[in-house]
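below are the sequence and a predicted model for it; my questions follow.
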4 protein chains.
Amino acid sequence: MNRFQEIREEAYRANMQLPELGLVLFTFGNASAVDHAEKVFAIKPSGVPYADLSPDNMVIVDFEGKTVEGDLNPSSDTLTHAVLYREWPALGGIVHTHSTYGTAWAQAQRDIPIMGTTHADHLTTDIPCAPPMADEMIKGNYELETGHQIISEFHKRQLSPTEVEMVLIGNHAPFTWGKSATKAVYNSAVLEECAKMAYLALMINPHAPRLKRALIQKHFERKHGPHSYYGQ
Amino acid sequence: MNRFQEIREEAYRANMQLPELGLVLFTFGNASAVDHAEKVFAIKPSGVPYADLSPDNMVIVDFEGKTVEGDLNPSSDTLTHAVLYREWPALGGIVHTHSTYGTAWAQAQRDIPIMGTTHADHLTTDIPCAPPMADEMIKGNYELETGHQIISEFHKRQLSPTEVEMVLIGNHAPFTWGKSATKAVYNSAVLEECAKMAYLALMINPHAPRLKRALIQKHFERKHGPHSYYGQ
Amino acid sequence: MNRFQEIREEAYRANMQLPELGLVLFTFGNASAVDHAEKVFAIKPSGVPYADLSPDNMVIVDFEGKTVEGDLNPSSDTLTHAVLYREWPALGGIVHTHSTYGTAWAQAQRDIPIMGTTHADHLTTDIPCAPPMADEMIKGNYELETGHQIISEFHKRQLSPTEVEMVLIGNHAPFTWGKSATKAVYNSAVLEECAKMAYLALMINPHAPRLKRALIQKHFERKHGPHSYYGQ
Amino acid sequence: MNRFQEIREEAYRANMQLPELGLVLFTFGNASAVDHAEKVFAIKPSGVPYADLSPDNMVIVDFEGKTVEGDLNPSSDTLTHAVLYREWPALGGIVHTHSTYGTAWAQAQRDIPIMGTTHADHLTTDIPCAPPMADEMIKGNYELETGHQIISEFHKRQLSPTEVEMVLIGNHAPFTWGKSATKAVYNSAVLEECAKMAYLALMINPHAPRLKRALIQKHFERKHGPHSYYGQ
């Protein structure tokens, strides 16, 4: 048994969930799972259809983005994953999609406002939209800089990546993460649903207010607080 | 055979219909079925995926929200169900979802206006949106107070829960009910469809009028009046 | 073999296509197939789920709406079908749905404008929206009057039911027809798609013009004119 | 084995993908695959349901639109395909659909603006919308002139058909192409997704800017430039 078998299988399962949940068209997305002890992660090979994936063809990559094991090229977004794992050791998995509503908000260059309890069940703030990157960053090491853009936006807004597990890159698309790759996929689906609900709510009532503080706190805490009572 | 077998099976079947009808993402919803003679109801266990449900793992709860039978935690919304069953003995089943269009109207803090016969086939009024709860209610016994908010909104508007079997909680999402859990699920799907149709109609024509009285009466009565002639 | 076997089977197949094409929720729709020689038609029984239908439980009804054969109540919309068959002998089948986008235009009380060739492939005019019926008509024999409303709207606009095989009833929903029940179902799907495309086009560009005359003629004639060259 | 077996099979597979990808309703679309050496292409027979297609009933047509092999009438859009293959020898396959969002932009007579990296991954310009054709062209050889309209629009805008593999015909619908029929189908799905995302982005923020030049270049080049690093 391969020593990276566990992250291979987790990354494989997470990637396979993306088309099942309607979050990707063709190969427009990728998921990875990390082994922080070994400082490597398993990620989808670039441009390979989901139907052809298996745990065996996941690519094992180190935190500099160098391939450790595997014959295929890793996802073109590999360096973004690498930066986030390196900087944020709490992350167990990362997902990138171009899901329709999330991407539309990114193209609109707008944070997804927190307008309901569906959103507050998962995070207490708007889903941040980082501005499009500066031209020098784009022309330089683009995917590495995408990771830097995410981290610098979180610093600027004083957000914690364990409390806010999702971001939009302006004009690009969502990235999500979590303590596991499965949780990161879950967060991608949550982002897409919140993106759609916020869109519709603002079309119905352009003056609809953001969710009030007491409801934000209550819903987040019943799922995530020290006295949470959701789940088993 | 378990003495609560009937409500276990009804609650199970109702919960399983929610993902089939596209009304829930992941575990964002729950259904219950009541036994008014025994003053208990069967409800979905909290946070358990639909694929793992069975009649056996439905949780049996009394009208104070205390577990009577079952090893799993009941839905975190259990106290809302309990209050509604206690106050409204005509209810046989209750469903809570975060269905997309219904939730968008809740986030917009707007009643869903009665604009067509699809709506009038089921109720003669707008689908009421109760205002977001007061901060004290939220910080107190939140789910219990959610039940109170629904009942007090019905009192304020002089609505009958046997005539209007659905409500939105502002900034939160829909609750529906009916003489059985199956009927409550049906009402959740009806609410979602009416929510979508009203949204689209107002986008096409922001000045579209509400349905006129004669059509409201006719459509409701042909399905529900003393001389109804719909169905077998 | 039953002497109405042919229309029973055609009506059955047409009804079964409605959920397959996503045109109905629950039992919100019905299809019928006519035998003009016998002056009867086969129609869906009222309120029966599609999964429980069979050719045998289609109800055979005459042009006054009286049941000729069958133990179940026919669709509550039976008299509308009866009026249309009686007045328009060219009709072989009729379908009524509450399909989402078509119904939204009916609720908006707007004709669906002819904005593209998809629409012109099927008819050369806007899809007419008859105004909501007068109160006396609604309080009288409602379903019969619904048929009259359709026919009188076609007279008023000088439309031919063999050229325009679809209509919206204001605040209610679409009716479609054709030389067979299968064609009527096809027209229901066409109406829904044209309704969605016109909605989206007007959201993108509220000043988008209607299709110009030369394109209307060309597309309609290549499918339906004396020198048509579409199909086999 | 038939000497046109290869293009028959490629055209068949491409046509079958159209309903699988949700790009066509009924028979509203067609795909073809070309053999430039033989100056013929295989195309869908007109009006035949997708379920009845096989490699054997694809129609083999020459670049004047004359049937070379096959008993069925070729697609009514055959001459448009013929013109494009004749003028643009780099094309291996062509697809025409009436996909919902793409067609809505065509009906709105608007180019689909390049607003995000999903779009820039595939082309560096807006997706052009050719104006509706002049009346003389419509009344003349309509499908032939549709091909001319596409080519003349590309000349006018100085676009290359190998860089921009898609177009809208105003008031009509999309055409896409590629080095193979499979690639042309892929481009139809990409166009539909970009059409939906641009629509939603502009509804969220009517003032959202087009994508900036550095991002356009970067995304296109990482997939298609001399130093591309997407895929295997």
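On my side now, so go ahead.

show me what counts as buried in stretch A:54-73.
Buried residues in stretch A:54-73, counted by 16 or more other Cβ atoms under 10 Å in any protein chain shown: A:55, A:58-61, A:63, A:65, A:67, A:70, A:72-73. Glycine gets a C-beta too; all of them are placed from N, C-alpha and C.

excluding chain neighbours, what is closest to the residue nearest the centre of chain A?
Most central in chain A under Cα atoms, centre = their mean is A:Thr176, positioned 1.2 Å from the mean C-alpha point. Using Cβ to Cβ, 6 or more residues apart in numbering or on different chains and skipping residues adjacent in sequence, the residue nearest A:Thr176 is A:Asn187, 3.9 Å away.

what's the average pLDDT for the lengthiest helix in chain A?
The longest helix of chain A (DSSP state H) is helix A:181-204. For helix A:181-204, mean pLDDT is 98.

and the very next helix or strand once past that helix, how far from the chain's centre?
Helices and strands here follow DSSP states H and E; after helix A:181-204, the next one along the chain is helix A:213-224. Distance of helix A:213-224 from the chain centroid (Cα atoms, centre = their mean, to the nearest Å) equals 22 Å.

with stretch A:39-49 instead?
Taking mean C-alpha positions (Cα atoms, centre = their mean), stretch A:39-49 and its chain are 15 Å apart.

do that stretch and chain D meet?
Yes: using Cβ under 8 Å from any Cβ of the partner chain, stretch A:39-49 reaches chain D at A:45-48.

dump the residue contacts of the residue nearest to A:Thr176.
Shown in contact with A:Asn187 (Cβ atoms under 8 Å, 6 or more residues apart in numbering or on different chains): A:95, A:122, A:165-166, A:176-178.

related to what we said a few turns ago, tell me the contacts of the residue nearest to the centre of chain A?
A:94-95, A:165-167, A:184-185, A:187-188, A:191.

up against chain D, what does chain A have?
A:25-26, A:28, A:45-48, A:72-73, A:76, A:98, A:100-101, A:103-110, A:132-133, A:135, A:138-139, A:142, A:171-173, A:199, A:202-203.

residue in chain A nearest to chain C?
A:Met203 (9.6 Å; Cβ to the nearest Cβ).

mind putting the buried residues of stretch A:54-73 into JSON lines with pLDDT?
Listed next are the buried residues of stretch A:54-73 as JSON lines, based on pLDDT from 0 to 100:
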{"residue": "A:Pro55", "pLDDT": "97"}
{"residue": "A:Met58", "pLDDT": "98"}
{"residue": "A:Val59", "pLDDT": "98"}
{"residue": "A:Ile60", "pLDDT": "98"}
{"residue": "A:Val61", "pLDDT": "98"}
{"residue": "A:Phe63", "pLDDT": "98"}
{"residue": "A:Gly65", "pLDDT": "97"}
{"residue": "A:Thr67", "pLDDT": "98"}
{"residue": "A:Gly70", "pLDDT": "95"}
{"residue": "A:Leu72", "pLDDT": "97"}
{"residue": "A:Asn73", "pLDDT": "97"}
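
from those, which is closest to B:Glu221?
Set against B:Glu221, the nearest of the buried residues of stretch A:54-73 by Cβ to Cβ is A:Pro55 (60.9 Å).

tell me where the model's unsure across chain A.
A:1 (pLDDT under 70).

so which residues of it form helices?
So, for chain A - with DSSP H - the helices run A:5-20, A:78-87, A:100-107, A:117-120, A:135-139, A:142-157, A:181-204, A:213-224.

highest mean neighbour count out of these?
helix A:100-107 (a mean of 28; mean count of other Cβ atoms under 10 Å in any protein chain shown).

up against chain B, what does chain A have?
A:115-118, A:121, A:186, A:189-190, A:193, A:196-198, A:200-205, A:208-209, A:211-212, A:214-215, A:218, A:222, A:229-232.

quick check, A:Thr100 in contact with D:Ala201.
No: taking contacts as Cβ atoms under 8 Å, A:Thr100 lies outside contact range of D:Ala201: 10.3 Å.

which among the residues of stretch A:39-49 next to chain D end up buried?
If we count by 16+ other Cβ under 10 Å, the residues of stretch A:39-49 next to chain D have these buried: A:45-46, A:48.

just the ones of those in strands?
Applying DSSP state E to those, no entry is found in strands.

looking at those, which is nearest chain D?
Of those, the one sitting nearest to chain D (Cβ to the nearest Cβ) turns out to be A:Ser46, at 5.4 Å.

so what's the closest one closest to, chain neighbours aside?
Using Cβ to Cβ, 6+ apart, the closest residue to A:Ser46 is A:Asn73 (4.6 Å).

likewise A:Pro174?
Nearest residue to A:Pro174, sequence neighbours excluded (Cβ to Cβ, 6+ apart): A:Gly102, at 4.2 Å.

what angle sits between the biggest strand by length in chain A and helix A:78-87?
Longest strand in chain A, counting residues (DSSP E): strand A:29-35. If you take axes from the mean of the first three to the mean of the last three Cα atoms, to 10 degrees, strand A:29-35 sits at 30 degrees to helix A:78-87.

send me strand A:29-35 as CSV with only the CA atoms.
The C-alpha trace of strand A:29-35 is given here as CSV (Å, rounded to 0.1, in the frame of the first residue of the first chain):
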residue,chain,number,x,y,z
GLY,A,29,-12.5,22.5,-10.8
ASN,A,30,-10.1,20.6,-8.6
ALA,A,31,-9.8,19.3,-5.1
SER,A,32,-6.8,18.3,-2.9
ALA,A,33,-6.2,16.6,0.4
VAL,A,34,-3.1,17.3,2.5
ASP,A,35,-0.7,15.3,4.7
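
how about stretch A:220-231 as PDB, C-alpha atoms only?
In PDB, the C-alpha atoms belonging to stretch A:220-231 read as follows (Å, rounded to 0.1, in the frame of the first residue of the first chain):
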ATOM      1  CA  PHE A 220     -23.300  30.100  13.900                       C
ATOM      2  CA  GLU A 221     -23.100  29.100  17.600                       C
ATOM      3  CA  ARG A 222     -25.700  26.400  17.500                       C
ATOM      4  CA  LYS A 223     -23.600  24.700  14.800                       C
ATOM      5  CA  HIS A 224     -20.100  25.700  15.800                       C
ATOM      6  CA  GLY A 225     -20.000  27.300  19.200                       C
ATOM      7  CA  PRO A 226     -18.800  25.700  22.500                       C
ATOM      8  CA  HIS A 227     -22.400  24.800  23.300                       C
ATOM      9  CA  SER A 228     -23.400  23.700  19.800                       C
ATOM     10  CA  TYR A 229     -26.400  21.400  19.600                       C
ATOM     11  CA  TYR A 230     -26.500  20.600  15.900                       C
ATOM     12  CA  GLY A 231     -25.600  17.100  14.700                       C
END
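
residues touching that stretch, excluding its own?
A:120-124, B:46-47, B:73, B:76, B:142.

could you report the neighbour count for A:Pro206?
8 (other Cβ atoms under 10 Å in any protein chain shown).

from D:His122, how far out is it?
Per Cβ to Cβ, to the nearest Å, A:Pro206 is found 33 Å from D:His122.

please apply the same query to A:Leu144.
24 Å.

picking that back up, determine which two of the contacts of A:Thr176 are furthest apart.
Pairwise distances across the contacts of A:Thr176 (Cβ to Cβ) peak at 15.6 Å, for the pair A:Val167 and A:Val185.

report the contact partners of A:Glu165.
Per Cβ under 8 Å, 6+ apart, neighbours of A:Glu165: A:122-123, A:176-178, A:183-184, A:187.
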